Structure formats: C-alpha cells, structure tokens
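> predicted structure and sequence below. I'll ask about it afterward.
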Amino acid sequence: MKYDDDLEIINNLLPGLDLIKEKDFDLFENRIFAEKVLKYFSEATDNIRAKLNIELLFAFRLRQNFNARAHKENDKYIIIINHGTVDQLSKIIQDSISIFKRENIVAITGLPTDEDILLELFIYLISSYLFYHEFAHILQLSFDKRIDSYTFQEEYDNTSTYNFTNHVYEMDADLFGIAIGTILILQYIDDNKLPKNYVTLYNLLTLYILIVANIFIAFSKNITSIYYKNFLHPHPIIRVINCVEQIINIVSQNTRIDTPFFESILERYSKILDVMHLKAESVLIYSDVVKQNLGDILNYIDEIENSNEQFKELARHRVNEIYDLLGD
C-alpha cells in the first residue's frame, strides 16, 4: 500500500490530524532525510502487514513538538510520527556522530567505517528503533481484543501521575526496539566483514546508545533530576541503562563480553552525553547521575523485570517468534 493511501484511511478514522502527504515533504527541514525515514517505515509496515496479518498504517503529522504515537482504532493499528520529531532526529544523529568522532578513544581507534557510511547506517538503525518501539506498543494493544480505541504517546507529561503499568509498557517497547537495532548492527558487522572485536563493538554500540539516549532526552523535555515512581514515563536514564543491559544480553549471545564491557559503555556514553548537553546548558550531569544512582536504578529495573510475567501482552514474550516471521 502506498503512503498516501495509508493517509486516506487514517484521516477517515482520526480526522483533523494534519497529516503530511508525500508531495508536501518540503515541510520537513531535511526532505532527503524524511524520504529515507519514509522508505524504512514503508518497508517495515509492508513486511508486517504481509507476514503478521496486522492492519498497520503509519503517517507523519504536521506538529513541531518531539512526539510519536501508537493508536488502536477498532481493527486498525496506526503509528504517527510528528514532523518535528523527524527534523530533530536528523540533527540528533548528525550531532551525535560529530561529537563522537572527536572523542579520545575514537581519535585513537578511528571510526568503524567512513563517516558518510556511518551516517547512513545510523539513519537506518535509529529509524528502525523508533518504528519498532512504536510497533511494540501496537503488539501490546493487539493482545486484548476487547480494547476498541487506545493511544500511547511518547512525549513526557511532567504533570502526569505515576503509572506502574505504563512504565512496564514503555520499557518493554524500548527493549523490543533496541533489540532489533542491535541485531541489525551485528548483521552489518557480518555483512561488511568487519572484525567482531571489542573495538568495533565498543564504538558502534556506544554511538547507538548515545543517539538513543538523546532521543529519550528529547521526548522528556530535559527532565532535571532522577526519579523512579513518578510520571507516566520512566526517567530517560533508567530507560537508557535498561537498553544497555538488553544490548549486552544480545551481543553476549554472539561474542564473548563481560561485566566491565557493560560498565565501560555506561561510563563512556554518559561522558559524551555530558559534553553534548553542557553545550546546550543542561543542568543535569548525566555521568554523575549514573555513577551516584546506578544501584537504585538497577533495583528499579529489576522491579519492572520481575513483574513482566504478569503482563502477557508484552512484546518481549513474542520477540523471537515475531523476529523469525519478519525475517523469513
């Protein structure tokens, strides 16, 4: 199905959303980047419709704020990405790579591949992360056929009250999205015959988690202090550390790594993050937050993990089955 055909169906289901037609992609600050995201999302959507028999639609919405949404409307499932999100993603990826390549370790080891190739790789990886995070919410919604209409929003609401279930759902969606991206990184290393050693993995995975961390921060509107049982969404640093654990779990099944590798990635990404956000006059020193609160953060992640069996609708319970079906 063509993108504009999706828009017509969505407009009938959810009128008044100001969806962007393909001919109007000049509304994006970077049309070429938006077209690449469209290509990746379209391919993923077509694959899901064909292999999972899910009535999935997606569209870009004319809204400047950094937000993405997953809807269920009767038997239709809809992913909507604000055009402001796409515009900021382009900057986040480019700025992260620009800062990363000047970091001391990269100065010694060099980038894993040419910078222009690295940029294209991470446009694909981050598009995949964002799409499959939202698709995980679709899977959560599709489990209960009694639900006719529901919406997940990624943008943080700093006036919202704590909701444990929502924290479980968000961290489940994070793990689903990050798992897809990590598998794609390992495939990229194999397909391009790069050495699957500490240096290659260390650089690619640190850059990946750095960009994802910046996405969480953008969604959270630069929350200034650590919290646990507050608001609808988990604190972005809790989400990042949860993602790093998932990355290490997946990579450890394919190559030998150990606990210091996990700790080193945490320390390295947070220090680079500090450099980026000090320039933006952020009041949060991310490396200090990680260092001072890691024990409490891991305890809260464990609390979420220990509750997962209570939620049969979570994407994690079906990740292997779904990945096998989509990869066939």
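Perfect, I can see it now. It should be emphasised that the depicted structure is a prediction, and the values quoted were computed from it without experimental measurement.
> now the helices: where do they sit in the stretch 201-328 of the chain?
236-252, 259-279, 286-306, 319-327 (DSSP state H, counting those that start in this stretch).
> nearest to Asp46, of these?
Asp46 lies closest to helix 319-327 among these, at 11.0 Å (CB to CB). For glycine as for every other residue, the C-beta is placed from the backbone atoms N, C-alpha and C.
> re the thing from before, nearest to Leu210 among the helices of the stretch 201-328 of the chain would be which one?
Relative to Leu210, the nearest member of those by CB to CB is helix 259-279, separated by 4.8 Å.
> hmm, who's touching that closest one?
Helix 259-279 is contacted by residues 95-96, 99-100, 103, 105, 198, 202, 205-206, 209-210, 213-214, 217, 240-241, 244-245, 247-248, 284-287, 289-291, 294 when judged by CB atoms under 8 Å, 6 or more residues apart in numbering.
> which parts of it are buried?
For helix 259-279, burial by neighbour count (16 or more other CB atoms under 10 Å) applies to 261-262, 265-266, 268-270, 272-274, 276-277.
> Serialize the residues you listed to TSV and add fields for distance to Asn65 and pLDDT.
As requested, those are exported to TSV (distance: CB to CB, whole Å; pLDDT from 0 to 100):
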residue	distance to Asn65	pLDDT
Phe261	36	79
Phe262	34	78
Ile265	30	88
Leu266	29	86
Arg268	30	90
Tyr269	25	86
Ser270	26	88
Ile272	26	88
Leu273	22	85
Asp274	25	84
Met276	21	77
His277	19	73
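> quick one: the residues you listed as CSV, columns for distance to Ile54 too.
Formatted as CSV, the buried residues of helix 259-279 follow (distance: CB to CB, whole Å):
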residue, distance to Ile54
Phe261, 36
Phe262, 34
Ile265, 34
Leu266, 35
Arg268, 38
Tyr269, 34
Ser270, 37
Ile272, 37
Leu273, 35
Asp274, 41
Met276, 37
His277, 38
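> pick out whichever of the residues you listed sits closest to Arg31.
Met276 (25.6 Å).
> after the helix or strand of the chain with the lowest mean pLDDT, next one along is what?
Lowest on mean pLDDT, DSSP states H and E among the helices and strands of the chain sits strand 149-153, with a mean of 72. Using DSSP states H and E, the helix or strand that follows strand 149-153 in sequence is helix 164-191.
> relative to Leu7, how far out is the spatially closest residue to Leu62 that is not a sequence neighbour?
Excluding the flanking residues, the one nearest Leu62 by CB to CB, 6 or more residues apart in numbering is Asp18, at 4.1 Å. As for Asp18, its distance to Leu7 is 11 Å (criterion: CB to CB, to the nearest Å).
> more neighbours: those two, which one.
Leu7 (19 against 11; other CB atoms under 10 Å).
> what's that one sitting at in phi/psi?
Backbone torsions for Leu7, taken as degrees, to the nearest 10, come to phi -60, psi -40.
> related to what we said a few turns ago, just the buried subset of the contacts of helix 259-279, please.
For the contacts of helix 259-279, a neighbour count by 16+ other CB under 10 Å gives the buried set as 95-96, 99-100, 103, 202, 205-206, 209-210, 213-214, 217, 240-241, 244-245, 247-248, 284-287, 289-290.
> got a list of what Ile247 touches?
Contacts for Ile247 were tallied using CB under 8 Å, 6+ apart; they are 178, 182, 205, 208-209, 265.
> could you dump those residues into CSV and include distance to Lys39?
Listed next are the contacts of Ile247 as CSV, based on distance: CB to CB, whole Å:
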residue, distance to Lys39
Ile178, 22
Thr182, 22
Leu205, 25
Tyr208, 20
Ile209, 25
Ile265, 30
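> which of these lies closest to Asp87?
Within those, the smallest distance to Asp87 is 20.9 Å, found for Tyr208 (CB to CB).
> correct me, but the closest one touches Ile185?
Yes - in this structure, Tyr208 is within contact of Ile185 by CB atoms under 8 Å, at 6.4 Å.
> right, and Ile304 touches Glu170 too?
No - taking contacts as CB under 8 Å, Ile304 lies outside contact range of Glu170: 9.5 Å.
> tell me which of those two has more neighbours.
Between Ile304 and Glu170, counting by other CB under 10 Å, Glu170 is the more crowded of the two (25 against 17).
> mind listing what the more buried one touches?
233-234, 239.
> now do Gln153
Taking CB under 8 Å, 6+ apart, one finds 67-69 in contact with Gln153.
> ok, it to Asn30 distance?
Gln153 is 24 Å from Asn30, where distance means CB to CB.
> for Tyr129, same thing?
19 Å.
> which one's more surrounded, those two?
Higher neighbour count among Tyr129 and Asn30: Tyr129, with 25 against 16, using other CB under 10 Å.
> is it true that that one touches Phe176?
No - the pair Tyr129 / Phe176 is not scored as a contact, 9.5 Å apart, by CB under 8 Å.
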